[in-house]
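Chemist: Fold the following and give me the result.
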Amino acid sequence: QVQLVESGGGLVQAGGSLRLSCAASGRTVSTYSMGWFRQAPGKEREFVATISWTGTNTYYKDSVKGRFTISRDNAKNTVYLQMNSLKPEDTAVYYCAMHRNRGRIATTTAGDYDYWGQGTQVTISS
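Modeler: All right, here's what the predicted structure looks like:
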């Protein structure tokens, strides 16, 4: 059974940093593209970042480019999201997700991911 467990969320002031972790079990992340999504209260879930299964390609939501970095540690079967220069509009529940197809390119569509974590709350105060 595949499980994704996020951690690292919290409350920080604007301009601060957080690093989210997503530990996987039941599947080897090294052969799947992985993504981070977020959902703010009253809003739709949206794409944040994704990394290809090879680790060579990354894609970001425009508003987080230059501030967020997605990475993976295959030895730990873990994916990370380093978030710097945080803004109040980054406040949301952040979810990691695993692509449904092994060895496929990274995509930004939530429907392409079939396993999701439970989410971790990120709150940025102004």
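
Chemist: And the pLDDT at the most centrally placed residue in the chain?
Modeler: Nearest to the mean C-alpha position of the chain, by CA atoms, centre = their mean, lies residue 36 at 2.3 Å. Residue 36 is assigned 98 on the pLDDT scale.

Chemist: That one: what secondary structure?
Modeler: Under DSSP: H, G, I helix; E, B strand; the rest coil, residue 36 falls in the strand class.

Chemist: In the sheet, which residues pair with it? Tell me.
Modeler: On the basis of DSSP bridges, residue 36 is bridged to residue 49, residue 96.

Chemist: give me every residue that touches it.
Modeler: By CB atoms under 8 Å, 6 or more residues apart in numbering, the contact list for residue 36 reads 20, 22, 48, 49, 50, 70, 79, 81, 94, 95, 96, 97. (Glycine included, C-beta is placed from N, CA and C.)

Chemist: same check, this time on residue 91
Modeler: 40, 122, 123, 124.

Chemist: Of those residues, select the buried ones using a ChimeraX command.
Modeler: The buried residues among those can be selected in ChimeraX (16 or more other CB atoms under 10 Å) with this line:
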select :122,124
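
Chemist: coming back round to it: so which of the contacts of residue 36 is the closest to residue 28?
Modeler: Of all the contacts of residue 36, residue 28 sits closest to residue 79, with 12.0 Å by CB to CB.

Chemist: Quick check: phi and psi at that closest one.
Modeler: phi -120, psi 150 (degrees, to the nearest 10).

Chemist: my guess is it meets residue 22, correct?
Modeler: Yes - the pair residue 79 and residue 22 qualifies as a contact (CB atoms under 8 Å) at a distance of 4.5 Å.

Chemist: Who has more neighbours out of these two?
Modeler: Ranked by neighbour count (other CB atoms under 10 Å), residue 79 and residue 22 place residue 79 first, with 31 against 27.

Chemist: The contacts of residue 91 in strands, which ones?
Modeler: Assigned to strands by DSSP state E, the following of the contacts of residue 91 qualify: 122, 123, 124.

Chemist: Residue 109 versus the first one, what's the distance?
Modeler: This means residue 122. Separation of residue 122 from residue 109 (CB to CB, to the nearest Å): 22 Å.
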